[in-house]
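Chemist: this one's structure only:
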């Protein structure tokens, strides 16, 4: 039987999963892999790692949103173009 999951850890990995568009298990796996790379085993440090990954994902989402906004602006010569079905 698996060990019970810390509520704070489950919440943070759930937020990360939402931002990345992956399952909670996949987000938890990513946090666990990053913790293994850093050599940490403490649950509190895993929460810190997950929060850091959330900050990175939010920064990337903002940059992608700005890029999409820039791509959706019509050029002057294309502003009168209409697509008919």
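Modeler: Happy to help now that I have it. Everything numeric here is computed off the predicted structure, so don't read it as measured data. Numbering: from 1, shown residues only.

Chemist: in the longest helix along the chain, what's buried?
Modeler: Criterion DSSP state H: the longest helix present in the chain is helix 43-71. Residues of helix 43-71 classed as buried by neighbour count (16 or more other C-beta atoms under 10 Å): 46, 47, 49, 50, 53, 54, 57. All C-beta spots, glycine's among them, are computed from the backbone N, C-alpha and C.

Chemist: so the fifth one sits right up against residue 30, yeah?
Modeler: Pointing back at residue 53 there. Yes - the pair residue 53 and residue 30 qualifies as a contact (C-beta atoms under 8 Å) at a distance of 7.1 Å.

Chemist: which residues are common contacts for those two?
Modeler: Both residue 53 and residue 30 are in contact with residue 16, where contact means C-beta atoms under 8 Å, 6 or more residues apart in numbering.

Chemist: Distance from the chain centre to the least confident helix or strand in the chain by mean pLDDT, please.
Modeler: Within the chain, no helix or strand scores below helix 43-71, which has a mean of 85 by mean pLDDT, DSSP states H and E. With C-alpha atoms, centre = their mean, to the nearest Å as the basis, helix 43-71 stands 5 Å off its chain's centre.

Chemist: Which elements pack onto the longest helix of the chain?
Modeler: Where contact means 3 or more C-beta pairs under 8 Å, 6 or more residues apart in numbering; DSSP states H and E, helix 43-71 is packed against helix 7-20, helix 24-38.
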